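Undergrad: Quick check, what structure comes out for this input:
(chains A and B)
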Amino acid sequence: NAGVTQTPKFQVLKTGQSMTLQCAQDMNHNSMYWYRQDPGMGLRLIYYSASEGTTDKGEVPNGYNVSRLNKREFSLRLESAAPSQTSVYFCASSGGLVYEQYFGPGTRLTVT
Amino acid sequence: QKEVEQDPGPLSVPEGAIVSLNCTYSNSAFQYFMWYRQYSRKGPELLMYTYSSGNKEDGRFTAQVDKSSKYISLFIRDSQPSDSATYLCAMRPGAGGTSYGKLTFGQGTILTVHP
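TA: Predicted structure coming up:
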């Protein structure tokens, strides 16, 4: 049981480049989330998917798009990366318990 | 003003000390209150949760919620070096509505317990 997996673990982009962060969970959870974590800002929700086929904006969606490919996978795309998107990105999933989210190990992204 | 405020610290204590971590919030709709622990370069993991007001104890950890003051606390007794981590409070409204399932996190408090 791998839980929540994220790829890649590290990435360096130049301003204007695009990339997709991948996330997969093997716990049969309905809901999945993308967060970014910056020093002094805590975890901020970018997008979430309450169930397969639905996505919704979180607190900081600008500059990002998401795709809920199937129940297991939820990807985050940066179309034109900016230095302000330098951050650690976490994917999470949750099942029937409304208070518990399971987090992946994170992707450390630097945009120069 | 953020919906959830948490002192980022850092907080440094000697082994065996009692640690108090706190968050305040402004949204009276919050019903579920959680504490997540995050070790360095790892994802957060759920430590404890409380529904509505009251106390909850789990080993050396006690979570308290005071909804009248919009204030939550996590106490760690007999702190250990292995407790060194970032502690994040998180909250969410009750079931139903458009906010269902979404957590609002505090900034996190960095705790170091030194031997």
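
Undergrad: Could you pull up the residues touching the closest residue to chain B within chain A?
TA: The nearest approach of chain A to chain B comes at residue A:103, 3.2 Å away (Cβ to the nearest Cβ). Where you see a C-beta, it was placed from the backbone N, CA and C, and this is true even at glycine. Applying Cβ atoms under 8 Å, 6 or more residues apart in numbering or on different chains to residue A:103 gives the contacts A:4, A:90, A:91, A:92, B:43, B:44, B:45.

Undergrad: Skipping its backbone neighbours, what lies nearest it in space?
TA: residue B:43 (3.2 Å; Cβ to Cβ, 6 or more residues apart in numbering or on different chains).

Undergrad: Now do the contacts for the one you found.
TA: Residue B:43 neighbours (Cβ under 8 Å, 6+ apart): A:4, A:90, A:92, A:103, A:104, A:105, A:106.

Undergrad: now with 7 Å?
TA: Residue B:43 sits next to A:90, A:103, A:104, A:105, A:106 when contact means Cβ atoms under 7 Å, 6 or more residues apart in numbering or on different chains.

Undergrad: who in chain B is up against chain A?
TA: Counting by Cβ under 7 Å from any Cβ of the partner chain, the residues of chain B close to chain A are B:8, B:32, B:34, B:42-46, B:49, B:88, B:95, B:101-103, B:105-108.

Undergrad: re earlier: tell me how far the residue nearest to residue A:103 lies from residue B:115.
TA: 26 Å (Cβ to Cβ, to the nearest Å).

Undergrad: Nearest to chain A: which residue in chain B?
TA: Counting by Cβ to the nearest Cβ, chain B gets nearest chain A through residue B:43, at 3.2 Å.

Undergrad: This completes my enquiry, with thanks.
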